[in-house]
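J.: coords below, sequence missing:
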């Protein structure tokens, strides 16, 4: 499924991220990963906390690609969209790196 199809289906919407938003998400990810490593937590709880960190990481990739997943579909589309978003971001960095200066 393409980004255009997802936009047409209103599963994503255009989004312009900010450094503040990304910093807040990175802080949440760091906290979740710290919490997931706390001794005494059940395996289920550790997984749930680490899973949230993974979802927030996907949210960063999607935001950097210029989109936001709608609330209704966020858990269903998070990982596949993050993979697509990471491709877009990587291609952009590669293009900048190889551009004549």
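T.: Happy to help now that I have it. Everything numeric here is computed off the predicted structure, so don't read it as measured data.

J.: check residue 90 and give its pLDDT.
T.: pLDDT, residue 90: 61.

J.: kindly report the same for residue 85.
T.: 64.

J.: and what of the one 10 residues further on?
T.: Residue 95 is assigned a pLDDT of 53 by the prediction.

J.: use 40 as the first number from now on
T.: Done: numbering now begins at 40, and the last item shifts to residue 134.

J.: if you count neighbours, what's buried in the helix or strand containing residue 97?
T.: Counting by DSSP states H and E, the element that carries residue 97 is helix 82-103. Using 16 or more other Cβ atoms under 10 Å as the test for burial, helix 82-103 gives 88, 91-92, 94-103. Every residue, glycine included, has its C-beta placed from N, CA and C.

J.: quick one: list the elements packing against the very next helix or strand once past that helix.
T.: Note on helix 82-103: by DSSP H and E, the next helix or strand toward the C-terminus is strand 106-108. Applying 3 or more Cβ pairs under 8 Å, 6 or more residues apart in numbering; DSSP states H and E, one finds that strand 106-108 contacts strand 51-53, helix 82-103, helix 113-137.
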